[in-house]
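Student: Next comes the sequence, and after it the predicted model I'd like to discuss.
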Amino acid sequence: MKLIVAGATGFVGGEIIRLALRNKSITSVVALARKEVPVPKHAGTEADTSKLKTVVLEDWEKTYPEHVIQQLSGADACVWALAVTPTKSKDANFEDVTKICYDYTINGLKNMTSVANKPFRFVYTSGVTVERDQTKALPFLHDYRLMRGRVENAILEFAKQTPAVEVAITKPGGIEGPGHPKNDAMTSVWTQFGPTPWVHLSELAAAMIEQAVSGVSKETLWGNDLVEIGSRVLKKDDYVPME
Ligand SMILES: NC(=O)c1ccc[n+]([C@@H]2O[C@H](COP(=O)([O-])OP(=O)(O)OC[C@H]3O[C@@H](n4cnc5c(N)ncnc54)[C@H](OP(=O)(O)O)[C@@H]3O)[C@@H](O)[C@H]2O)c1
């Protein structure tokens with residue numbers, strides 16, 4: 001199968017690439033990015049790095065150019081991990097953050113669907129604090145969390161209108177990985193949103209890949225779902241070293 005990864009240069013997307021290169025069900029990994037995506041560190045001897053191809057996209061808001069569309073054609077799934085995170089959004093203009101988080105995602109979904117195989121699985125990375133109910137008053141990051149909720153709503157609506165598209169929205173709390181250790185302050189924040197405050201980076205990535213390869217088991221995947229799926233499908237030596 002052919003997998004597209006958006007956000008491949010990031011913390012989550014990089015791990016998606018690393019595990020996708022090790023996954024024998026995936027024959028082609030297209031990293032859609034604004035710069036060349038390197039073969040990840042710790043890919044390991046089980047990785048087939050020849051499967052990785054970067055496709056550089058310059059304008060993420062318009063209809064994708066023909067040479068990009070050609071490379072995305074025949075894809076079976078996309079894992080979308082491209083966004084401005086809450087922490088990074090604090091130093092950015094909210095209109096730009098909205099453009100990147102909302103417009104790029106929905107435009108990407110539409111462009112990919114037009115040339116993808118059927119069914120096309122779109123596995124989206126969101127977060128546990130993201131709120132779909134636009135009437136809620138939120139005590140912190142109000143505008144950002146509602147804006148990301150609108151992205152989730154638009155993805156779900158698109159799938160409802162487009163039977164050939166299956167979507168899974170992942171809503172992890174904290175993601176524990178190299179350079180991102182668990183910490184008590186964030187544990188108390190994430191615990192307010194559910195019983196599974198942390199997911200390991202490799203388990204999140206493996207769970208997303210599993211949804212892309214084997215089909216969507218649940219439209220909304222919370223921390224406990226991601227830990228259950230990820231830990232079930234990963235072998236011990238698939239986990240990224242925590243250095
Ligand atoms: N990290 C966490 O603990 C955590 C927890 C819960 C949920 N999440 C969610 O997981 C997702 C991924 O987070 P992350 O931690 O992997 O973020 P990240 O490391 O900051 O990666 C963000 C990715 O988005 C791309 N991107 C950002 N702005 C772009 C632009 N203007 N044009 C093109 N690409 C752009 C980046 O590409 P460049 O390298 O080109 O900038 C990078 O590949 C987000 O939705 C986040 O909210 C993260």
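Tutor: Perfect, thanks for sending it. Residues are numbered from 1 along each chain as shown.
Student: Do you have the helices of this protein handy? List them.
Tutor: Applying DSSP state H to the chain gives helices spanning 11-22, 66-72, 86-89, 94-98, 104-113, 142-161, 184-191, 201-214, 223-233.
Student: Quick check: residue 97 vs the ligand, distance?
Tutor: Going from residue 97 to the ligand by Cβ to the nearest ligand atom, to the nearest Å gives 9 Å. Just so you know, the C-beta spots here come from the backbone N, C-alpha and C atoms, and that holds for glycine as well.
Student: In contact with the residue of the chain found nearest the ligand, which residues are there?
Tutor: Here the residue of the chain nearest the ligand is residue 10; by Cβ to the nearest ligand atom that distance is 2.1 Å. For residue 10, the contacting residues are 81-82, by Cβ atoms under 8 Å, 6 or more residues apart in numbering.
Student: 6 Å - rerun?
Tutor: residue 81 (Cβ atoms under 6 Å, 6 or more residues apart in numbering).
Student: Tell me the pLDDT of the spatially closest residue to residue 144 that is not a sequence neighbour.
Tutor: Distances taken as Cβ to Cβ, 6 or more residues apart in numbering place residue 89 nearest to residue 144, at 5.4 Å, with adjacent residues excluded. Note for residue 89: predicted pLDDT of 96.
Student: Look up phi and psi at the residue nearest in space to the middle of the chain.
Tutor: For the chain, residue 81 is the residue whose C-alpha lies nearest the centre (Cα atoms, centre = their mean; 3.1 Å). Main-chain dihedrals, residue 81, degrees, to the nearest 10: phi -130, psi 30.
Student: buried sites along stretch 43-61?
Tutor: 43, 47, 51-52, 54-55, 57, 60 (16 or more other Cβ atoms under 10 Å).
Student: Out of these, give me the two with the largest separation.
Tutor: Longest distance between any two of the buried residues of stretch 43-61 is 27.9 Å, between 47 and 60; criterion Cβ to Cβ.
Student: Pull up the residues of the chain that are close to the ligand.
Tutor: 7-13, 34-35, 60, 81-85, 88, 100, 125, 127, 172, 174-175 (Cβ under 6 Å from any ligand atom).
Student: give me the number of residues near residue 147?
Tutor: By other Cβ atoms under 10 Å, 19 other residues sit near residue 147.
Student: can you check residue 239 too?
Tutor: For residue 239, the neighbour count with other Cβ under 10 Å is 19.
Student: Output stretch 185-194 in CSV with nothing but the alpha carbons.
Tutor: C-alpha atoms of stretch 185-194 as CSV (Å, rounded to 0.1, in the frame of the first residue of the first chain):
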residue,chain,number,x,y,z
ALA,A,185,2.7,19.3,35.8
MET,A,186,1.4,18.1,32.4
THR,A,187,0.2,14.8,33.9
SER,A,188,-2.2,16.8,36.1
VAL,A,189,-3.4,18.8,33.1
TRP,A,190,-4.0,15.7,30.9
THR,A,191,-5.6,13.8,33.7
GLN,A,192,-8.5,16.3,33.7
PHE,A,193,-9.4,15.1,30.2
GLY,A,194,-9.3,11.4,30.6
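Student: rewinding a little: list only buried entries from the residues of the chain next to the ligand.
Tutor: By 16+ other Cβ under 10 Å, these give 7-10, 12-13, 60, 81-84, 100, 125, 127, 172, 174-175 as buried.
Student: quick one: which of the residues you listed sit in strands?
Tutor: Among these, DSSP state E puts 125, 174-175 in strands.
Student: Tabulate those residues in TSV, adding columns for pLDDT.
Tutor: Below are these laid out as TSV (pLDDT from 0 to 100):
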residue	pLDDT
125	98
174	97
175	98
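Student: Switch those over to CSV; also include distance to residue 17.
Tutor: Converted to CSV, those look like this (distance: Cβ to Cβ, whole Å):
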residue, distance to residue 17
125, 13
174, 21
175, 16
